[in-house]
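# Okay, here's the prediction I keep looking at, along with the sequence it came from:
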Amino acid sequence: MAVSSLSSPLTHPLRRFSFHLSHLSKKPPVSSLFLCSAAKMSGHIHRVPALDEEEMASVAGKTFERYALPSSAKRNGKGVAILWFRNDLRVLDNEALYRAWSSSDTLLPVYCLDPRLFHTTHYFSFPKTGALRGAFLMECLADLRKNLIKRGVNLLIRSGKPEDILPSLAKDFGAHTVFGHKETCSEELQVERLVDQALKGVGNGTKLELIWGSTMYHKDDLPFDVLDLPDMYTQFRKSVEAKCRIRSSTRIPISLGPTPSVDNWGDVPTLGQLGIEPQEVTRGMRFVGGECAGVGRDLLKVYKETRNGMLGADYSTKFSPWLAFGCISPRFIYEEVRSFNPLSNVPKAHRSFHLCGKHLQVQRYERERVANNSTYWVLFELIWRDYFRFLSIKCGNSLFHLGGPRNVQGEWSQDKKLFESWRDGKTGYPIIDANMKELSTTGFMSNRGRQIVCSFLVRDMGLDWRMGAEWFETCLLDYDPCSNYGNWTYGAGVGNDPREDRYFSIPKQMHWRKKIQPESNSWAPPLIGGMRLGMFTARSVSCFQFRGRWFSNCCRPYLAYSVLDTQGRLKHKGEQCTRPGPRD
Ligand SMILES: Cc1cc2nc3c(=O)[nH]c(=O)nc-3n(C[C@H](O)[C@H](O)[C@H](O)COP(=O)(O)OP(=O)(O)OC[C@H]3O[C@@H](n4cnc5c(N)ncnc54)[C@H](O)[C@@H]3O)c2cc1C
Ligand SMILES: Nc1ncnc2c1ncn2[C@@H]1O[C@H](COP(=O)(O)OP(=O)(O)OP(=O)(O)O)[C@@H](O)[C@H]1O
């Protein structure tokens, strides 16, 4: 199928629904103010990673060398193997790539632009892939092709369904095996089934071999059957930390050639060809797609950034978009983190967390962002990611159902106007609106932001959580069905662990709202790294120094905010706990 014949045109996600909430917003529409100010501040784009192309290529080149298989490694295979790239758009630590290379003498890497990825979401018909994630994907493909060409092969890019493309290639090239990475959710599993059936139909004995490769802990190394996954995350974490070893990442040879002769390798399409109206990032974070960018966001830099973050910037790694597309693997991050000496830069007063031994450290760090202590905490976050992926196997489609894995019965509304006020950042609550605008403007939102807007949609607006989850599916650069629907079911109180049923009381904070309200006409998306580039900057932290005291194990969300005037000058700033407790 030609690229241009893919899906029907999809509009910009924010323009899909057109009517406004007049009863909620008597002020001039925030979006138009935002657009004016966005134009003024168009220089304020924070590139992630901050490196330029040359620096990125240099960091990536050195990393590729460090993780390369020695040139003495033998390749004993015969014939042609196809490598089917899916959400594993990388060369480093790509076991499917290694297996395809080693079992053949000729390797054909393929990516299928599946039209289903560009249709609509299941219940509410939002665009399945928003413009920013679409653009990120195209950058990933261009980068992957570049990296494969450097290794003596290329990337065949075809538009169409894998179950149509792969069998036809297997036949044309006489491939003995199609290698790919295994997925876990029903949409992807259905594609795997169709590919398998279609390959069998070709009749030349081509096999489909699917390999586990998306988690930090390998599924086969779990100390229990995945269907017996503990319902409590903490139990899972303790169990894997005590009983599992994280495998080393797969080393890939520097040269992967030869590749078969192909007339037309196909172009990376434009968004227009995919039926998506392009969207430019005019402010905030602009994530660069591809493995070089993911690797270029090298940990030493992140470490430095997060160290500064303690002084007031937003401090999380922002690895998630590259993890979601498989541009970097969690095992790679693990190996990189391990190669640091985390204590060398840590102020003595804060070392005790580490020196008290792993388990205390883990407890302390659980769900907290204590970046001032070390980068080790990122590993504990990655265990959450693993957990949700394994959970998607255990829960199956219940992860996507209204009642969730526990089949909770309840009354939820699907009120379109309420939903639109949430989606468009027009609820009247600065922290909600700022986060929602950040999402639609940049494709990213902090974890705390996600928890707060999720809680607000479900508990304060009483809306069907799947509306929010599907909107996240459209917009998030890091969209991943397991993490997204897993976290949403938790946030909506229908997840497998009933204790993870948390309410972030935003509306109760009227005093906080009043404080910010006079500035509210000039809200803009929260901006990055605590740099006060926007009119309103909201960061959420769960651990920070507040009025000279450390709140290190406090589970209440704190918000630090700055209100700027339209010229970007700081007018007011402060911190506020969204759920006051006895300590406040
Ligand atoms: C309602 C909701 C929806 C979410 N949807 C997604 C999603 O679609 N894709 C996604 O990758 N994450 C999702 N998350 C989890 C989390 O918000 C993001 O992974 C995180 O904000 C990404 O930023 P970071 O890379 O800077 O994270 P860091 O804090 O630096 O953590 C490092 C990595 O650990 C993993 N991680 C951290 N927290 C979680 C978590 N709660 N669940 C799963 N993995 C985690 C991510 O891979 C992340 O990149 C969601 C959270 C909520 C509350
Ligand atoms: N990768 C994915 N991204 C988003 N949603 C997914 C993904 N994989 C599966 N789903 C969702 O899983 C759900 C499966 O629904 P489907 O109608 O196929 O089965 P079901 O009848 O809901 O479940 P069951 O077969 O368990 O009764 C849908 O909501 C679908 O959107």
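Perfect, thanks for sending it. Ligands and ions are numbered 1, 2, ... in the order given.

# G425 reaches T441, doesn't it?
No. Taking C-beta atoms under 8 Å as the definition, G425 is not a contact partner of T441, at 9.4 Å. To be clear about C-beta, it is placed using only N, CA and C from the backbone, and glycine gets the same treatment.

# Please report phi then psi for the residue in the stretch 1-150 of the chain that ligand 2 sits nearest to.
Here the residue of the stretch 1-150 of the chain nearest ligand 2 is H122; by C-beta to the nearest ligand atom that distance is 3.1 Å. Backbone torsions for H122, taken as degrees, to the nearest 10, come to phi -60, psi -50.

# Then the one 3 residues further on?
S125 adopts backbone torsions of phi 50, psi 40, taken as degrees, to the nearest 10.

# Against ligand 2, how distant is the closest residue to W471 other than its chain neighbours?
Distances taken as C-beta to C-beta, 6 or more residues apart in numbering put R423 closest to W471, at 5.6 Å, once the chain neighbours are dropped. To ligand 2, R423 is 18 Å away according to C-beta to the nearest ligand atom, to the nearest Å.

# okay, now R423: neighbour count?
25 (other C-beta atoms under 10 Å).

# Could you check the pLDDT of it?
R423 is assigned 96 on the pLDDT scale.

# Likewise for P278?
Taking P278 on its own, its pLDDT is 96.

# And D478, by the same measure?
Here, the pLDDT recorded for D478 equals 98.

# helix, strand or coil for it?
coil (DSSP: H, G, I helix; E, B strand; the rest coil).

# And the strands in the stretch 201-350 of the chain, which stretches?
207-211, 252-253, 284-287 (DSSP state E, counting those that start in this stretch).

# May I have stretch 279-291 as PDB, with CA atoms only?
Only the C-alpha atoms of stretch 279-291 are listed here, as PDB (Å, rounded to 0.1, in the frame of the first residue of the first chain):
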ATOM      1  CA  GLN A 279       1.900  20.300  15.200                       C
ATOM      2  CA  GLU A 280       5.000  22.400  16.100                       C
ATOM      3  CA  VAL A 281       6.300  22.600  19.600                       C
ATOM      4  CA  THR A 282       6.200  26.300  20.200                       C
ATOM      5  CA  ARG A 283       7.400  26.200  23.800                       C
ATOM      6  CA  GLY A 284       8.400  23.900  26.600                       C
ATOM      7  CA  MET A 285      10.100  20.600  26.000                       C
ATOM      8  CA  ARG A 286      10.800  19.400  22.500                       C
ATOM      9  CA  PHE A 287      11.800  15.800  22.600                       C
ATOM     10  CA  VAL A 288      14.100  14.500  19.800                       C
ATOM     11  CA  GLY A 289      13.200  11.000  18.600                       C
ATOM     12  CA  GLY A 290      15.600   8.200  18.000                       C
ATOM     13  CA  GLU A 291      18.200   6.000  19.700                       C
END
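
# can you give me the strands for the stretch 1-150 of the chain?
45-48, 68-69, 80-85, 106-113.

# Relative to the first one, what are the paired strands and their orientations?
Strand pairing for strand 45-48, determined by DSSP bridges: strand 284-287 (parallel).

# residues touching the spatially closest residue to Q414 that is not a sequence neighbour, list them.
The shortest distance from Q414 to any non-neighbouring residue, by C-beta to C-beta, 6+ apart, is to D464 (5.1 Å). Contact analysis of D464 by C-beta atoms under 8 Å, 6 or more residues apart in numbering lists 402, 412-414.

# and stretch 92-108, which residues are buried?
Using 16 or more other C-beta atoms under 10 Å as the test for burial, stretch 92-108 gives 92-104, 106-108.

# Same check on stretch 242-256?
For stretch 242-256, by 16+ other C-beta under 10 Å, it's 246, 249-250, 252-253, 256.

# what's the answer for stretch 197-209, then?
198-199, 206, 208.

# By average pLDDT, which secondary structure element in the protein comes out worst?
helix 30-40 (a mean of 25; mean pLDDT, DSSP states H and E).

# how much space between the closest residue to K78 other than its chain neighbours and G79?
Of all residues not flanking K78 in the chain, D105 sits nearest, at 5.5 Å (C-beta to C-beta, 6+ apart). Per C-beta to C-beta, to the nearest Å, D105 is found 7 Å from G79.

# now the helices for the stretch 401-550 of the chain?
Secondary structure of the stretch 401-550 of the chain (DSSP state H, counting those that start in this stretch): helices located at 416-423, 430-442, 447-455, 465-475, 481-491, 510-516.

# Just put the ones you listed in JSON lines and tack on distance to I165.
Below are the helices of the stretch 401-550 of the chain laid out as JSON lines (distance: least, C-beta to C-beta, whole Å):
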{"stretch": "helix 416-423", "distance to I165": "35"}
{"stretch": "helix 430-442", "distance to I165": "33"}
{"stretch": "helix 447-455", "distance to I165": "35"}
{"stretch": "helix 465-475", "distance to I165": "24"}
{"stretch": "helix 481-491", "distance to I165": "22"}
{"stretch": "helix 510-516", "distance to I165": "53"}
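
# ok, of the ones you listed, where does mean pLDDT dip lowest?
Among the helices of the stretch 401-550 of the chain, helix 510-516 has the lowest mean pLDDT, at a mean of 35.

# Around ligand 2, pick out the residues from the stretch 251-400 of the chain.
Within the stretch 251-400 of the chain, the residues that sit near ligand 2 (C-beta under 6 Å from any ligand atom) are 396-397, 400.

# 8 Å - rerun?
When proximity is defined as C-beta under 8 Å from any ligand atom, the stretch 251-400 of the chain approaches ligand 2 at 396-400.

# and the stretch 351-500 of the chain, which of its residues are near ligand 1?
The stretch 351-500 of the chain comes close to ligand 1 at residues 369, 377-378, 381-382, 384-385, 387-388, 444-447, 450-451, 453-454, 468-469, 472-473, 476, 478-484, 486-488, 490-491, as judged by C-beta under 8 Å from any ligand atom.

# can you do 5 Å?
378, 381-382, 384-385, 447, 450-451, 454, 476, 478-480, 483-484, 487-488 (C-beta under 5 Å from any ligand atom).

# Just put the strands of the stretch 201-350 of the chain in CSV and tack on mean pLDDT.
Listed next are these as CSV, based on pLDDT from 0 to 100:
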stretch, mean pLDDT
strand 207-211, 98
strand 252-253, 96
strand 284-287, 89
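
# got those as a markdown table, with distance to ligand 1 columns?
Shown next, in a markdown table, are the strands of the stretch 201-350 of the chain (distance: least, C-beta to the nearest ligand atom, whole Å):
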| stretch | distance to ligand 1 |
| --- | --- |
| strand 207-211 | 20 |
| strand 252-253 | 22 |
| strand 284-287 | 10 |
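
# how about those in JSON lines, adding distance to P260?
JSON lines is the format used below for the strands of the stretch 201-350 of the chain (distance: least, C-beta to C-beta, whole Å):
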{"stretch": "strand 207-211", "distance to P260": "18"}
{"stretch": "strand 252-253", "distance to P260": "18"}
{"stretch": "strand 284-287", "distance to P260": "34"}
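
# What's opposite the closest residue to D415 other than its chain neighbours in the beta bridge?
Distance criterion C-beta to C-beta, 6+ apart; nearest residue to D415, sequence neighbours excluded, is L463 at 6.7 Å. Taking DSSP bridges as the rule, L463 bridges to S413.

# How many residues are close by L463?
L463: 21 neighbours (other C-beta under 10 Å).

# low pLDDT regions in the stretch 201-350 of the chain?
Under the criterion pLDDT under 70, the flagged ranges of the stretch 201-350 of the chain are 298-315, 340-350.
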